[in-house]
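J.: model the following, please.
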Amino acid sequence: MESWWQLDVERAAKELGTSLTSGLSSSDAAARIEKYGRNQLKEAPKRPPWAIFLDQFMDFVIWVLIVREIGQHPPPEPTSLCPIKPATWDGSHTHIELSVPSRVIGVVHAREITVQ
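T.: Model prediction:
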C-alpha cells in the first residue's frame, strides 16, 4: 500500500471504509472511538515556572552579556563595606537590571501560551 499522503481522496475514503458524501454513521464513529480511542493529542506535562525561568537564560547571547556585565565591575577593595559605591554607577549594569524582569515577563507569557 502507498503512503496515505500519496493516495487520491476516493481511494483513501475506500481504504478507511467511509463515504465522501455522508461520512461515518454514528454507530461506525462510536465503534471506531471504542476501538482506536479519541482523536486527541496527549497533553504535555506542565513545566514548573522555575524551569521556564531558567530556560530563559539558556541563550548564548544572554551569557555573553552577563559575562560582559560582571567584567565591567572591578572586585571590591578589601576595606570597603559596599562593593559598588553609588558614585561609580554609570549605567553599565543596566543589562542585569533589565534582564531579570524581562525573563519574568517571558515566564508569564510562556505560561499564558501553554494554558490556551
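J.: and for residue 32, the neighbour number?
T.: Residues within reach of residue 32, counting by other CB atoms under 10 Å, total 16. For every residue, glycine as well, the C-beta is placed using N, CA and C.
J.: average pLDDT for the helix or strand where it lies?
T.: If you go by DSSP states H and E, residue 32 is part of helix 26-36. Across helix 26-36, pLDDT averages out at 92.
J.: need the contact partners of that helix.
T.: Helix 26-36 has contacts (CB atoms under 8 Å, 6 or more residues apart in numbering) with 17, 18, 24.
J.: also stretch 104-116?
T.: With CB under 8 Å, 6+ apart, stretch 104-116 has contacts from 44, 46, 47, 49, 52, 53, 56.
J.: can we see that at 6 Å?
T.: 49, 52, 53, 56 (CB atoms under 6 Å, 6 or more residues apart in numbering).
J.: show me what the one helix or strand the second one maps to is packed against.
T.: When you say that, I think you mean residue 52. Residue 52 belongs to helix 49-55 when elements are defined using DSSP H and E. Helices and strands touching helix 49-55, as assessed by 3 or more CB pairs under 6 Å, 6 or more residues apart in numbering; DSSP states H and E, comprise helix 94-115.
J.: ok so, going back, buried residues in the helix holding residue 32?
T.: Buried residues in helix 26-36, counting neighbours by 16 or more other CB atoms under 10 Å, are found at residue 32.
J.: show me what counts as buried in stretch 53-71.
T.: Neighbour-count burial for stretch 53-71 [16+ other CB under 10 Å]: 56, 69.
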